[in-house]
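Engineer: Need coordinates for the following:
(chains A and B)
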Amino acid sequence: MANYSTSEFKSGLKVMLDGDPCSIIENEFVKPGKGQAFNRVKLRNLKSGKVWERTFKSGDSLEGADVMDVEMQYLYSDGQFWHFMDPQSFEQKAADAAAVGDAKQWLKEEDLCEITLYNGEPLSVSAPNFVELEIVETDPGLKGDTAGTGGKPATLTTGAVVRVPLFVQVGEVVKVDTRTGEYVGRIKG
Amino acid sequence: MPSRIWQPAASPEAMKARAALLQAVRAFFDAHGVLEVETPALAAHGVTDPHIHCIEVPGYGWLQSSPEYHMKRLLAAGSGPIYQLSRVFRHGEAGPRHNPEFTMLEWYRPGFSLEQLIDECLALLGQWLRRPNVIRPFRRLFAEVTGLDPLTCPPAALVAAAVEAGAPQGLDHRQSVDFLMATQVETALDPATLTVVTDFPGWAAALAQVREDEDGAPVARRFEIYHGGLELANGYQELTDAGEQSRRFAADNQQRAGHGDRAMAPDPHLLAALQAGLPSCSGVAMGVERLLMAIHGYRDIRQVLTFPTQRA
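Structural biologist: From the prediction side, this is the model:
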């Protein structure tokens, strides 16, 4: 991979730091009167998700990270790996639990997900922003109830639990915002 | 959504503020009998300064990072007091307070001591920034904030203090002082005051004369003016000795080699001008964008540039 100097650091650039692939969030140039210039850089470690703050001498460089985002279709899980397929090339990739992370509770077969590949292997998986999933378990609610009472927990086919209004019943399909884990609405079947 | 990057970054107010500032600057120097001059932005030589990287223009030379060399040639030719509003260029300097191309107000006063020039700077700034001012030697200011005397404390202690404050590994003690100055000392300056920092360490003299302070430590006859922690101006009691200038060029290039930067050819015209005789003088450079930021409270230099580098 190419090396990038501090003057090329910009938001979204993927670089290697301490052996881990990182994405640059912010790069601030600081320089005292006539002296050595520095770059104060915020980076997200793409493995751990943690944000690092590091200062570099201006002109120092970091090796680029072989990281790219691709859209892949979720196929199935064998319990240990989650399998995805490139819809154009039909090439398959297997992501482990660490890479799938919190996304696993939203994955429905055939849904398209954004996958971050590092050296060609899945590093992280982002669920679609909205998913439509069927309710497999919830307490029967009162008829005629409208939203506003705080609702009740409902378990979805993927195992995720979301709060839904009391009138929503088992067997119905609901739309959920995966970024917040919140119920958005019912899908009329 | 269509890109809005074609639009200016500066507001109409910021553009008017710049026009008014430039007019006031010209009126000030006209009233003080200082001649406005123009010198090349593109010339055969750049600077050797180890911390300034000039932008090369193949076939022509270098975009100037300051009009200093040419203005000194005018002074040596007997111009008398002169000022310039020029565009200057510095590779790799971009951030909330830096743009690779900016406007510099630079002026030279033959016969002025450094103290007289500081007074003139404060008189100019006082038109817009009615603030109390304090004059602080670098050593004391630095020691007050960090607890370390930058000139006498063991280099290892300065390096350790910088690393403790988040500096990258591998800095030498000068770079550690720079790091602590930029990240600890400047940010601790009183935001409601103009702070004039004087007597920089001898190694940071650049093109200033060096003298010994009360304790016999070499300090530069150089000052900087800060508005809060924002650096506005940098001035020197100018070096007039051609031999010493030549030695500094060589020392700069040695330092550049140590950093892995290419050597810059010493400007023979400047050396010839110093040999012919530069009158004793003080000179100062002030960043016009920084001044606009200080006067009008802008927090980002992009707010005072029509088309900052990201849109240029």
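Engineer: Now do the phi/psi pair for the residue lying farthest from the centre of chain A.
Structural biologist: What lies farthest from the middle of chain A is residue A:34; by C-alpha atoms, centre = their mean that is 43.2 Å. Here is the backbone geometry of residue A:34 (degrees, to the nearest 10): phi -120, psi 20.
Engineer: what bits of chain A have low per-residue confidence?
Structural biologist: Residue ranges of chain A with pLDDT under 70: A:141-149, A:189.
Engineer: How is it partitioned into domains?
Structural biologist: Here the domain parsing of chain A from automatic domain parsing is A:3-63, A:67-126, A:130-187.
Engineer: Which one, of those, ends up nearest to residue B:264?
Structural biologist: Distance to residue B:264, taken as C-beta to C-beta, is lowest for domain A:3-63 among the domains of chain A, at 15.1 Å. C-betas here are computed from N, CA, C, even on glycine.
Engineer: Quick check: end-to-end length of the closest one?
Structural biologist: Using C-alpha to C-alpha, to the nearest Å, one end of domain A:3-63 lies 4 Å from the other.
Engineer: what do you get for stretch A:27-37?
Structural biologist: The distance separating the two terminal residues of stretch A:27-37, taken as C-alpha to C-alpha, comes to 13 Å.
Engineer: Measure how far it is from the centre of its chain, please.
Structural biologist: Centroid separation between stretch A:27-37 and its chain, computed with C-alpha atoms, centre = their mean, to the nearest Å, is 35 Å.
Engineer: repeat for stretch B:25-42
Structural biologist: Centre-to-centre, stretch B:25-42 and its host chain are 18 Å apart (C-alpha atoms, centre = their mean).
Engineer: Give me the average confidence score over it.
Structural biologist: The average pLDDT within stretch B:25-42 is 98.
Engineer: Next: stretch B:194-208.
Structural biologist: The predicted confidence, averaged over stretch B:194-208, sits at 95.
Engineer: Would you mind measuring the gap between the ends of it?
Structural biologist: End-to-end span of stretch B:194-208 (C-alpha to C-alpha): 22 Å.
Engineer: hang on, the earlier thing: wait, the residue farthest from the centre of chain A touches residue B:234, no?
Structural biologist: Yes. Using C-beta atoms under 8 Å, residue A:34 is in contact with residue B:234, at 6.7 Å.
Engineer: can you pull out the helices in chain A?
Structural biologist: A:97-100 (DSSP state H).
Engineer: Enumerate the residues of chain B near chain A.
Structural biologist: Contact residues, chain B versus chain A (C-beta under 8 Å from any C-beta of the partner chain): B:49, B:51, B:53, B:91-98, B:166-168, B:171, B:174-175, B:177-179, B:181-183, B:186, B:200, B:204, B:206, B:224, B:231, B:234, B:259, B:261.
Engineer: Tell me which entries of those lie within strands.
Structural biologist: Here DSSP state E is the test, and these give B:200, B:224, B:231, B:234 as lying in strands.
Engineer: Distance check, residue A:164 against chain B.
Structural biologist: Going from residue A:164 to chain B by C-beta to the nearest C-beta, to the nearest Å gives 34 Å.
Engineer: No further questions, thank you.
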